[in-house]
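>>> Prediction below, plus the sequence it came from.
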Amino acid sequence: MDVVRAHARDFVQQRLAPAEPENDGKQTPMHGHPAFKAMHATACCCRGCLNKWYHVPLYRELTESEQERIVNLMMAWIRKNQ
Ligand SMILES: [Zn+2]
């Protein structure tokens, strides 16, 4: 689980945290890593979904604590659904 969490952190940092992520809306594959499934299931797959479901503002970088909350949410989903 520590490894999955480390990967989840990387994905969030690289794919979601930038103010304008590359290919936003398409940056998260549907398959592959369990974290990708979790990102879709928890509506943490792109900034559009984060904005729609959690009212996270677009066009600004995610803070450390926001990234942490997203990872926690994903990990809770993974633990329930593994
Ligand atoms: Zn999305």
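Done, it's in. Remember, predicted model here, so these are calculated numbers, not experimental data.

>>> Show me the shaky parts of the protein.
Counting by pLDDT under 70, the chain contains no low-confidence range.

>>> which stretches of it form helices?
2-11, 34-41, 47-54, 64-81 (DSSP state H).

>>> would you turn those helices into a markdown table with mean neighbour count?
From N, CA and C alone the C-beta is placed, and that goes for glycine too. Output for those, formatted as a markdown table (neighbours: other Cβ atoms under 10 Å):
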| stretch | mean neighbour count |
| --- | --- |
| helix 2-11 | 15 |
| helix 34-41 | 20 |
| helix 47-54 | 16 |
| helix 64-81 | 16 |
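
>>> what does the chain put close to the ion?
Taking Cβ under 5 Å from the ion as the contact definition, the chain meets the ion at 45-46, 49.

>>> again, only using 8 Å
Residues of the chain lying near the ion by Cβ under 8 Å from the ion: 25, 28, 40, 43-50.

>>> Residue 74: which of those residues is nearest?
residue 44 (6.1 Å; Cβ to Cβ).

>>> Surely the closest one and residue 11 touch.
No - Residue 44 lies out of contact with residue 11 (Cβ atoms under 8 Å); the separation is 9.4 Å.

>>> Check the gap between residue 52 and residue 58 for me.
From residue 52 over to residue 58 the distance is 10 Å, taken as Cβ to Cβ, to the nearest Å.
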